[in-house]
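In: no letters, just coordinates:
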């Protein structure tokens, strides 16, 4: 095979940021386990599936660990599906430095694929690479093809740090403008975009996959411009100097395939859940990806529960949904686990609750513990009666407890937090004099580890964990600093709460009109979807809104002072016509929880009609809109609500008790019949 025909790829296996600190003091992001597989494994298999024959893995921090992993797993052996070699640099500080080093070593001979080492993707790259090559045969000016995936604003796999507005030429998909949003509510676009072009696509519904098909000139362009520190710098530079240099960038948009980077803790959570729910197939736990993995390592069961070999689970414990249990793990009695990943050889005690928890290998959790939306690294020991609140991170080999409560956002590491200007995560850990001491009042009398306090910077993990957005930088743009008071007032008017309120009003009006004019449900769905995109409403907000509007429509017909029987009489005629609408939005376990949350909020604020809840649940259950497991999960777990007091939540559940008892009795009868 000719050298120029060999498909090459470059993986940047260094994050060059500290979003996962303090975890990255001990392990590079590329080797962090996601659904019990190292991230780098997903990236390598993505490239192999694309027919890549030669991969260069660039690594800086923890390079020795990446090299050892590639050797141990056979990626560097002759039997590997492609040639994988590492390129090590101890002084690179950005992806731009990495590409300059690639250029200095003359490694790139042809068009190549550029990705980060934290990518999970199922995109079929082969036709995209071929299109890029054919385009370059006709016109050499295209230096890069960027991949984007359609994803609505606030989609769970869209990182707030990666929000982008893209302007392309409609006929050719040539990129004309590429701008990071940086938390701004409005952007200024260059006027010449509209004067020079007739047909433009201005898009804010795209997720940047950070997958780029590049020409061989790209490393040289980085070498010639030391201002290019990231790929975003490169793209902006190409667009600014397009008339002088003649280079162009193309965009390729995919709709049905999957791609997301595990670039932050919120994305770690989002991508893990997508893997468990099989959006990333064939990259799922029960599918063997390489000869290094054992056949049948995991078995898939109902509700996306994956069990490894030799797992001991006490018969009183419950694996609800979206759960991975690694081989050799032991789980005690009366323990409940949902939306969580448990690594290999873990020990979970009795009366433990795990919700959205990510436990790596060899973790021990004592009895009567509660862990919610947290990352617990390998070798961690959590003693009895410990509560770990959302957004906590326990780094490798930390010990916590007993009898402690870790507040939301707590980070604990065996490495003391460095003072500003000291060692950072771009370097290997070094021996330092530890002036700090353990704090038994905060991590327990048996605790081992140091609390990392947030510094308020843009990489503060507490601020970015699980959906909490960072404040935009003060220097995000000169225009925003110079905006007038009138524009600021306009921003306030466009804030998300107002958008949701206006959207709700529009949906309610549309629903009222559909009821009065007997409009088909499909037409109502189209109208609601149009409003959704106009106001950037998330799917969860949309689901809750639709259910609440159905309930409120009945209240409007019966009057707000109606008794339970009067309200039910007004609601019954609406449920059947609205069945198609509800089925369109309430499709999976997540949307069913949204529906139940909407029911709880509505009847929790209208307790005088809460007796109607039984009839509503019965209708939704009989019409297969709500499943038994979802209803029971909602009933057993009371999630904190900002709109309904806890007492009212309990009153709503009391109102639903009769239906819950009927469900449980029906299930018992079914089991007896099957026996």
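Out: Okay, I see it. Please read all numbers here as calculations on a predicted model, not as lab measurements.
In: wait, residue 579 sits on residue 625?
Out: Yes: with contacts counted by Cβ atoms under 8 Å, residue 579 reaches residue 625, the gap being 7.5 Å. In short, each C-beta sits where N, CA and C put it, glycine included.
In: now do the contacts for the spatially most central residue of the chain.
Out: In the chain, the residue lying closest to the centroid (Cα atoms, centre = their mean) is residue 270, at 2.2 Å. Contacts of residue 270 were listed using Cβ atoms under 8 Å, 6 or more residues apart in numbering, and they are 156, 157, 260.
In: now the residues you listed as TSV including neighbour count and secondary structure?
Out: Shown next, in TSV, are these (neighbours: other Cβ atoms under 10 Å; DSSP: H, G, I helix; E, B strand; the rest coil):
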residue	neighbour count	secondary structure
156	19	coil
157	20	coil
260	27	strand
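In: and these, which is closest to residue 56?
Out: Of all these, residue 56 sits closest to residue 260, with 22.8 Å by Cβ to Cβ.
In: which strand residues bridge that closest one?
Out: Beta-bridge partners recorded for residue 260 (DSSP bridges): residue 120.
In: you'd agree it is up against residue 271?
Out: Yes: using Cβ under 8 Å, residue 260 makes contact with residue 271 at a distance of 5.1 Å.
In: identify the contacts common to those two.
Out: 120, 157.
In: show me the helices in the stretch 551-675 of the chain, by range?
Out: Using DSSP state H, counting those that start in this stretch, the helices of the stretch 551-675 of the chain run over 564-575, 579-585, 589-605, 613-622, 628-636, 646-674.
In: can you list the low-confidence ranges for the stretch 251-400 of the chain?
Out: Low-confidence segments of the stretch 251-400 of the chain (pLDDT under 70): 291-296.
In: what's the answer for the stretch 551-675 of the chain, then?
Out: Using pLDDT under 70, the stretch 551-675 of the chain drops low at 560-561, 667-675.
In: 80 instead?
Out: 558-562, 639-643, 666-675 (pLDDT under 80).
In: what are the buried residues along stretch 574-592?
Out: 574-575, 577-579, 581-582, 585-586, 589-592 (16 or more other Cβ atoms under 10 Å).
In: from the residues you listed, pick the one nearest residue 499.
Out: Using Cβ to Cβ, those come closest to residue 499 at residue 585, 18.4 Å.
In: what residues are up against that closest one?
Out: Taking Cβ under 8 Å, 6+ apart, one finds 542, 543, 546, 591 in contact with residue 585.
In: from residue 583, how far off is the third one?
Out: When Cβ to Cβ, to the nearest Å is the yardstick, residue 546 and residue 583 sit 11 Å from each other.
In: for residue 329, the count of nearby residues, please.
Out: 24 (other Cβ atoms under 10 Å).
In: please read the previous query as pertaining to residue 250.
Out: 21.
In: helix/strand/coil for the residue nearest to the centre of the chain?
Out: Following DSSP: H, G, I helix; E, B strand; the rest coil, the label given to residue 270 is helix.
In: try residue 146
Out: Assigned by three-state DSSP, the conformation of residue 146 is strand.
In: right, and it touches residue 252 too?
Out: Yes: using Cβ under 8 Å, residue 146 is in contact with residue 252, at 7.1 Å.
In: neighbour count winner among those two?
Out: Ranked by neighbour count (other Cβ under 10 Å), residue 146 and residue 252 place residue 146 first, with 25 against 20.
In: gap between the more buried one and residue 213?
Out: When residue 146 is compared with residue 213 (using Cβ to Cβ), they lie 8 Å apart.
In: would you map the helices across the stretch 351-500 of the chain?
Out: Using DSSP H, counting those that start in this stretch, helices in the stretch 351-500 of the chain cover 440-443, 461-464, 478-481, 485-493, 496-517.
In: next structured bit after the helix or strand containing residue 47?
Out: Taking DSSP states H and E as the definition, one finds residue 47 inside helix 39-49. On the C-terminal side of helix 39-49, the nearest following helix or strand under DSSP H and E is strand 54-59.
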